[in-house]
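Peer 1: Generate coordinates for the sequence data below:
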Amino acid sequence: MARKWWTLLAVCLATFMLLLDITIVNVALPDIAAELDTSFSDLQWVIDAYALMLAALLLTAGSLADLLGRRRVFAFGLASFTFASVLCALAPGALVLILARGAQGIGGAAMFATSLALLAQEFQGRERGTAFGIWGATTGAAVAIGPLVGGALTSAFGWPSIFYLNVPIGIATLAITLRKLPESRDEDAGGIDWAGLVTFSAALFLLVFALIRGNEEGWGSAVIVAMLAASGLLLALFIAIERRIEHPMFDLTLFANHTFVGASIAAFALSASMFAMFLYITLYVQTILGFDPLETGLRFLPITLLSFVAAAVSGKLTARLPARGLLGGGLFLVGIGLLLMRGVNAGSSWTALLLGFIIAGIGIGTINPSIANAAIGVVAPARSGMASGISSTFRQVGIATGIAGLGAIFQSQITQRLATALAGTPGAGRTDQIAHAVSAGAAPKVIAATPPAGRPRLEQAIHVAFTAALNDILLVGAVVAFAGGLLALALVRGSDFIGHGPPPPPPAPQPAEAVAAAGP
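Peer 2: Residues are numbered from 1 along each chain as shown. A predicted model of the protein is given here:
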C-alpha cells in the first residue's frame, strides 16, 4: 500500500479513537456521577478538563510539529493519550478522573494539531478532497457508533471499560505511525512561544472556571468578576504578544483571510451549540426519561448515523460546491434541528427529539469536512500545522465555553423553577441542594430519597423544571448556530483558496466563485 494511504489510515484511526472517546464519555456520565458521587461542576469538568487542555496546547503542539516533525509529535500524542486512558479507567474519584482527562487532552492536542497537516502533506489535488471525505466519514462513524458502543460497554462492564477500549486502538495506530509514516516539518519554523502559551492558557482557564462557578459563587461576587476581568486582560496581553514576536504560535495575520475567519467561527459555533448540548440531552434521556446507557445509545443513532452519511457526501462535495454554502447551510440545519428539539415537557417521550436529531445530524455531517477543507485550503502547505491547530483550537474552545455557558443557564433555570414549584413544601428549604443534584443527573436518587407521600409532587416539579431549562438552552444553542451560519456565509469566499487545490470538473463552465471554492 502506498505511503500516503498508510498516513490516511493512521490519521483516521487516531481521529476515530479521539471522537469515540468523547461520545462514549457523554453516555457514561450519569453512571460516572452515580459511582463517584460527583457534583454538577464535576460532570462539566470531566468534559471541560479534556477540552481545556486541547484548546490550550493545540497551537503549541502545531508549532512543535512544524519545528520537530509532525510524525514525532503525532506519535507522542498517541502514546500519551493511550496511557492517560488507562489512568481514567483506574480513577478512584472525581478529582483523579478530571486530572486524567486533562492528561488525555495533552495527548489529544498533539494528535489533533497534526492530523490534518499530515494529510495535507501527503495528498494534493483531487486526492486531497477524497482524503478529507474519508476523514470526514471517519468522524461520522465515530460519532455514529460512540453512543451505542459506550452504552453497551457501560451497561455490561461499567464505565471504566470505555477508557480501556482506547488501549488496543492506540497501540495499533502507534505501530503504524512509527513504521509507515514519513516525517515532515517546516524548515523555516521558529521556537516555542512560551509567553503566548501561558497567557492564552490562563485566559481560557479563568474564563471557563468563572462560567462553571458563576452560579455557586454569584455572578456579581468579587471572585467571579475578578476571574472574568483577569481573563479579558490576559487575552489582550496574549494578542499583544502574538503581534510583536517573530514566531507566534497564533499567527494573527491568518485572520486577514476572511475565509479562515469564517471557518474558525463555524468550528466554534458548531461545538458551542450542538456538541456542547450533547451533555444535557444525555442527562435528559437517562435521568428524566429513565433509559440506561445502552438504550440511550440506541436513541442517539438517528443523529449519529445521519452525520456519518452526510460527512461522506459532504467530503466529495467540497471540490464542487462553494465552501460557504456547505458551512452556512450545515449550521442552519443544526440550528433548525435544535429548535425542533425544543418543546419537550414533563410528559414527552424521546421521540419528541427525533426530527431535531435527524436535521441536526445532517447538518453536523455537512459541516465537518468543510471546516477542514477551508482551514487548510487557504494556507501554504508549510503552515498547515498552525492552521490545523488554530482550527481545532476553535472547536475545543467552543466545547469548553459552550458546556460552561449553557451549564450556567441550565442550572440557574432549574434552581429558579424548583424554588417556585416547591414553595410551601418540605423541600422548599433544600431547593439549591435538589437543583444541584438534578443538574448532575441524580434526579432518580433525589426522588427515591423523598418520603412516598411527597414523591409525586417532587417528581413532577423536577421534570417540569428540567425540561423547561433544557428548552431554554436549546434556544440559546440554536441562536449560536444561526449566528455562526450567517457569519460563515458572509466571510467565506472562494477567491481566498490558494492554488494547490484541484481544478473544477472539466464539463460545463461554472461560476467564478464555485471554481475558486473547488479548492483542496
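Peer 1: so what's residue 441 up against?
Peer 2: For residue 441, the contact set (CB atoms under 8 Å, 6 or more residues apart in numbering) comprises 29, 30, 33, 34, 43, 283, 286, 287. Glycine gets a C-beta too; all of them are placed from N, C-alpha and C.
Peer 1: Please work out how many residues are found near the second one.
Peer 2: Yep, that's residue 30 we're talking about. Using other CB atoms under 10 Å, the number of residues around residue 30 comes to 26.
Peer 1: I figured it was touching residue 285, is that so?
Peer 2: No. Counting by CB atoms under 8 Å, residue 30 sits too far from residue 285 to count as a contact (9.3 Å).
Peer 1: mind checking pLDDT for residue 461?
Peer 2: Residue 461 is assigned 89 on the pLDDT scale.
Peer 1: roughly how far apart are it and residue 467?
Peer 2: Between residue 461 and residue 467 the computed distance is 11 Å (CB to CB, to the nearest Å).
Peer 1: And residue 213, how far from residue 40?
Peer 2: 11 Å.
Peer 1: Could you do residue 406 as well?
Peer 2: 12 Å.
Peer 1: and what of residue 84?
Peer 2: Where residue 40 is concerned, residue 84 sits at a distance of 24 Å (CB to CB).
Peer 1: With residue 446 instead?
Peer 2: Distance from residue 446 to residue 40, by CB to CB: 13 Å.
Peer 1: Could you do residue 304 as well?
Peer 2: Taking CB to CB as the measure, residue 304 falls 25 Å from residue 40.
Peer 1: Run the chain-centre distance for the host helix or strand of residue 76.
Peer 2: For residue 76, the host element (DSSP states H and E) is helix 70-90. Here helix 70-90 is found 19 Å from its chain centre; the criterion is CA atoms, centre = their mean, to the nearest Å.
Peer 1: so the residue of the chain most remote from its centre, which of the three states?
Peer 2: In the chain, the greatest distance from the average C-alpha position (CA atoms, centre = their mean) is reached by residue 453, at 42.8 Å. Following DSSP: H, G, I helix; E, B strand; the rest coil, we place residue 453 in the helix state.
Peer 1: List the contacts of residue 178.
Peer 2: Taking CB under 8 Å, 6+ apart, we find residue 178 in contact with residue 75.
Peer 1: Can you name the helix or strand that it falls in?
Peer 2: Assigned by DSSP H and E, residue 178 belongs to helix 166-180.
Peer 1: could you point out where the stretch 301-450 of the chain is predicted with low confidence?
Peer 2: Residues of the stretch 301-450 of the chain that meet the criterion pLDDT under 70 lie in 319, 381-386, 427.
Peer 1: Kindly apply the preceding question to the chain instead.
Peer 2: Residue ranges of the chain with pLDDT under 70: 1, 136-137, 139-141, 143-144, 186-191, 319, 381-386, 427, 499-520.
Peer 1: So between residue 213 and residue 40, which is more surrounded?
Peer 2: Each of residue 213 and residue 40 has its neighbours counted (other CB under 10 Å); residue 40 has more, 24 against 19.
Peer 1: from memory the more buried one sits against residue 407, does it?
Peer 2: Yes. Applying CB under 8 Å as the test, residue 40 and residue 407 come out as touching, 7.2 Å apart.
Peer 1: okay, and the common contacts of these two?
Peer 2: With CB under 8 Å, 6+ apart as the test, residue 40 and residue 407 both reach residue 439.
Peer 1: Report the buried residues of stretch 154-168.
Peer 2: By neighbour count with 16 or more other CB atoms under 10 Å, stretch 154-168 contains the buried residues 154, 155, 159, 160, 161, 162, 163, 165, 166.
Peer 1: taking these as a set, which two sit the farthest apart in space?
Peer 2: For the buried residues of stretch 154-168, the farthest-apart pair by CB to CB is 155 and 166; their separation is 18.7 Å.
Peer 1: Tell me where the stretch 301-450 of the chain has helices.
Peer 2: 301-317, 323-341, 354-377, 384-421, 431-439, 443-448 (DSSP state H, counting those that start in this stretch).
Peer 1: and of the ones you listed, who's closest to residue 493?
Peer 2: Judging the helices of the stretch 301-450 of the chain by CB to CB, what sits closest to residue 493 is helix 323-341, at 6.8 Å.
Peer 1: elements contacting the helix holding residue 76?
Peer 2: Judged by 3 or more CB pairs under 8 Å, 6 or more residues apart in numbering; DSSP states H and E, helix 70-90 is in contact with helix 3-36, helix 40-68, helix 94-122, helix 161-164, helix 166-180.
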